[in-house]
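# sequence unknown, structure follows:
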């Protein structure tokens, strides 16, 4: 047996040794069967449930520290793990058991004229790094997603959740070892603080890909400082454009749903653009429905003329991802001005046009350069679950490797397998 | 008409203005038809042929400067464009006309239960940056490949080829404008010198992806300094392992082909590993055939005992991409030690095992973590042309986005198109 199998119970404490152990674990994980990975995931789910009496007090400690350090109410809510939430963490792991294992999937293959056979198949990345903050659910999610796709993972979960994450990682490691998989498949580097995050971003070669999750500022830092390739899951300054021919009921329902259903997420609507020839017909019903749900409208001059309750919008509003019950509204002269506004201010996450004009629908789909471009649908559909991926790794706003909602296949690379019988090149 | 169409003949001179013009051009290129792109490529091919009397003297000037500045003979050869090479540049453009346009290709699509239709289609990246040195053929190749895949391109071709590239870019821009496409689809920033390269690497958002081509040092600089996502086309410290059961004739032919046919390229063999139980049987015939072709063997002790003509190998040899008629040779105890050597020293480009043992072949394919892993075939097959891609964008040694030989589809991103009829999320 190769010596790498010894890593099942080896758990180093130094930073470089942790990355080496992750690499060794990844070599094992790359070739284990789906059944073995699923058994380990079931063991992890069960262990998390069993460990609730240990997880919740550790989380209480983090919450107490957070209150002392002035952590915002929203972040405190993200950080909180009560017994019910621990149960749903375990349920999320079990959902991943049911997903198709992407490793080994054939993408392309052919016989070359000389008889050589080539096949491109999915393989794990190897070692995935994750940098996030105050979200212990990400610890469990990303560990389970990485394992299912055959990757080892090195976690930097931030000081705010340090006690919770330490318990969760130990529980996961014990379950891995009990299942015969390397405990070092899932490791935290939280004990190295900010310096650990910095070293993780420098660890090109030792870490194959880095996934930041959290605030726009955290993602920006990782994207600009990392020498390891990054999958960017970015902010959503999301637009809906009500075209001249927009169906009134669709406009009212879709805008309300996109803004109000869950305003704190990245696929929620932030800026509404309205064709000037439809403004009088549509702005009243659309904005009154929003106002009834407590939405504050930040309008340009034309909007405020039609809807006096709006507060004045500035350029800052066009650039803002409110993540709250606020909405920027601008009246534009036509489709071209709407697309120009989107080109300038969008974060290229999701945009939707409400229209009955086929030509305008097709132009919007073709010309708007965002991860997801919609016609007559709510931007809230940009979601791995809604797209049928089962679980979601995040929503990529970059153009390299993955764009839009990511599933397990996006946590893999590929490899070409070439099978010959003595062929050489003429 | 949208104002972006005015870019057909606009050619700015400032750095930021060039990137803005590239973005505007990319918006046009993203929606032009394959026929329009092919007509422009034919115009470019014809214009390059016609311009030979202008290109060759500009190249002579670069060559004279190169000789004065002590440019190596190998780089001078890469730099040289005589009339015959200009003709083959045009021929390379015409080959790209024949390739399938990747833009618009459907990758996945389905109807969601609520009637919403989702489709993932290939779209151009937008603006591609290229940083390379002393290779005017790359100027034409990358411009043509970028255009065919709907991308604008910003070129930094280096001072050694500055005069040649200036003429080539102007010829391409004139042909683009004459074909009704934006001249700014292809631009050079050579006039900004090293500072231009530095600014290109910082231009996250303005440039969607950066492709470095050239020396290991140039690629390393781009990979570590760039804030723009990079597609790394890396060095090849390529291995062949002769297993205990290797067929002698296959071993002799494949090793000779992999080392000698074209030693200066990245898929050429650099280190030969031999199973100790096969060393006596195979090393004689394999190394004598190489010696007859002028190959210098750098061997470990066991190799030198069997082949005294070998010079002693040090650890440096295991790490070296010779790109010359030199070969490092090591005797290993078994498949595991061979794979351990590859894990430690390989650049993860291409490795091949010569064996008749099915179990060892499958272990090698599954456990070796390189872009291309082969059984009983020459490493020289790692090539876009050989794989049937028509033209090659390069060979990626990274795991994100593309791995191994890249064709036109690897110069695209994707976009999700969502078509609804008023649906919103429950």
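Yep, that arrived. Remember, it's a predicted structure, so these values are computed and weren't measured experimentally.

# surely residue A:390 and residue A:101 touch.
No: the pair residue A:390 / residue A:101 is not scored as a contact, 11.8 Å apart, by Cβ atoms under 8 Å. C-beta: built from backbone N, CA, C; applies to glycine.

# identify the residues contacting stretch A:182-197?
Defining contact as Cβ atoms under 8 Å, 6 or more residues apart in numbering or on different chains, one finds that stretch A:182-197 is touched by A:7-12, A:15, A:18, A:21-22, A:24-26, A:28-29, A:131, A:139, A:143, A:146-147, A:152-159, A:162, A:165-166, A:169, A:172-174, A:176-177, A:199-200.

# which among those are in contact with chain B?
Among those, not one lies near chain B by Cβ under 8 Å from any Cβ of the partner chain.

# list buried residues within those residues.
Applying 16 or more other Cβ atoms under 10 Å in any protein chain shown to the contacts of stretch A:182-197, the neighbour count classes A:7-8, A:15, A:18, A:21-22, A:24-26, A:28-29, A:131, A:139, A:143, A:146-147, A:152-159, A:162, A:165-166, A:169, A:172-174, A:176-177, A:199-200 as buried.

# buried residues of stretch A:294-304, list them for me.
Buried residues in stretch A:294-304, counted by 16+ other Cβ under 10 Å: A:295, A:297, A:298, A:299, A:300, A:302, A:303, A:304.

# does residue A:118 really touch residue B:389, like I thought?
No: under the criterion of Cβ under 8 Å, residue A:118 makes no contact with residue B:389, lying 11.0 Å away.

# tell me which of these two has more neighbours.
residue A:118 (24 against 18; other Cβ atoms under 10 Å in any protein chain shown).

# ok, so what distance separates the more buried one from residue A:246?
Look at residue A:118 and residue A:246: by Cβ to Cβ, to the nearest Å, they are 50 Å apart.

# give me the domain ranges for chain A.
Following automatic domain parsing, one gets these domains for chain A: A:3-232+A:405-419, A:238-381.

# SS state for residue A:120?
Residue A:120 falls in the strand class when you classify it by DSSP: H, G, I helix; E, B strand; the rest coil.

# run through the residues of the stretch 201-350 of chain A sitting next to chain B.
So the stretch 201-350 of chain A meets chain B at A:204, A:208-209, A:223-224, A:227, A:229-231, A:247, A:249-250, A:253-254, A:256-258, A:261, A:336, A:339-340, A:343 (Cβ under 8 Å from any Cβ).

# derive a PyMOL selection command for the buried subset of the residues you listed.
Buried residues among those (16+ other Cβ under 10 Å), as a PyMOL selection:
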select buried, chain A and resi 204+208+209+223+227+229+230+231+247+250+253+254+256+257+258+261+339+340+343
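
# list the ones among the residues of the stretch 201-350 of chain A next to chain B that fall in helices.
A:223-224, A:249-250, A:253-254, A:256-258, A:336, A:339-340, A:343 (DSSP state H).

# quick check, the residue in the stretch 251-400 of chain A closest to chain B?
residue A:377 (3.0 Å; Cβ to the nearest Cβ).

# picking that back up, can you work out which residues contact both of residue A:390 and residue A:101?
Common neighbours of residue A:390 and residue A:101, using Cβ under 8 Å, 6+ apart, are residue A:408.

# neighbour-wise, which of these two wins?
Legend: neighbour count by other Cβ under 10 Å for residue A:390 and residue A:101, higher for residue A:101 (17 against 14).

# report pLDDT for the more buried one.
Per-residue pLDDT puts residue A:101 at 97.

# contacting residues for it?
Counting by Cβ under 8 Å, 6+ apart, residue A:101 touches A:34, A:37, A:148, A:149, A:150, A:408.

# closest one to chain B out of those residues, please.
Using Cβ to the nearest Cβ, residue A:150 comes nearest to chain B of the contacts of residue A:101, at 11.2 Å.

# farthest pair in the buried residues of stretch A:294-304?
Greatest spatial distance among these (Cβ to Cβ): A:295 and A:302, at 18.5 Å.

# just to confirm, which helix or strand has the residue sitting furthest away from the middle of chain A in it?
Distance from the C-alpha centroid of chain A peaks at residue A:426, with 47.3 Å (Cα atoms, centre = their mean). Per DSSP states H and E, residue A:426 falls between elements, in no helix or strand.

# tell me how far it lies from residue B:261.
Separation of residue A:426 from residue B:261 (Cβ to Cβ): 9 Å.

# check residue A:309 too.
Applying Cβ to Cβ, the value for residue A:309 to residue B:261 is 76 Å.

# of the contacts of residue A:101, buried ones?
Buried members of the contacts of residue A:101, counted by 16+ other Cβ under 10 Å: A:37, A:148, A:149, A:150, A:408.

# circling back: just give me the closest of the buried residues of stretch A:294-304 to residue B:181.
For those, the nearest to residue B:181 is residue A:300 (35.6 Å; Cβ to Cβ).

# surely the closest one and residue A:337 touch.
No: at 11.9 Å, residue A:300 and residue A:337 do not qualify as touching, with contact defined as Cβ under 8 Å.

# you'd agree residue A:198 is in a helix?
Yes: assessed by three-state DSSP, residue A:198 belongs to a helix.

# report the contact partners of it.
residue A:225.

# distance of it relative to chain B?
Separation of residue A:198 from chain B (Cβ to the nearest Cβ, to the nearest Å): 15 Å.

# for residue A:267, what are its contacts?
Contacts of residue A:267 by Cβ under 8 Å, 6+ apart are A:236, A:238, A:258, A:349, A:350, A:379, A:380, A:381, A:382, A:383, A:395.

# greatest separation within the residues you listed: which pair is it?
Spatial extent of the contacts of residue A:267 (Cβ to Cβ) is set by the pair A:258 and A:395 at 14.9 Å.

# could you pull out the strands for the stretch 101-250 of chain A?
Taking DSSP state E, counting those that start in this stretch as the criterion, the stretch 101-250 of chain A carries its strands at A:106-111, A:117-124, A:127-132, A:152-156, A:186-188, A:209-213, A:238-242.

# for residue B:43, which of those is the nearest?
Shortest distance between residue B:43 and those, using Cβ to Cβ, is found for strand A:106-111: 32.5 Å.

# and that closest one, which strands flank it?
According to DSSP bridges, strand A:106-111 forms sheet pairs with strand A:117-124 (antiparallel).

# now the strand it pairs with: buried residues?
Buried residues in strand A:117-124, counting neighbours by 16+ other Cβ under 10 Å, are found at A:118, A:119, A:120, A:121, A:122, A:123, A:124.
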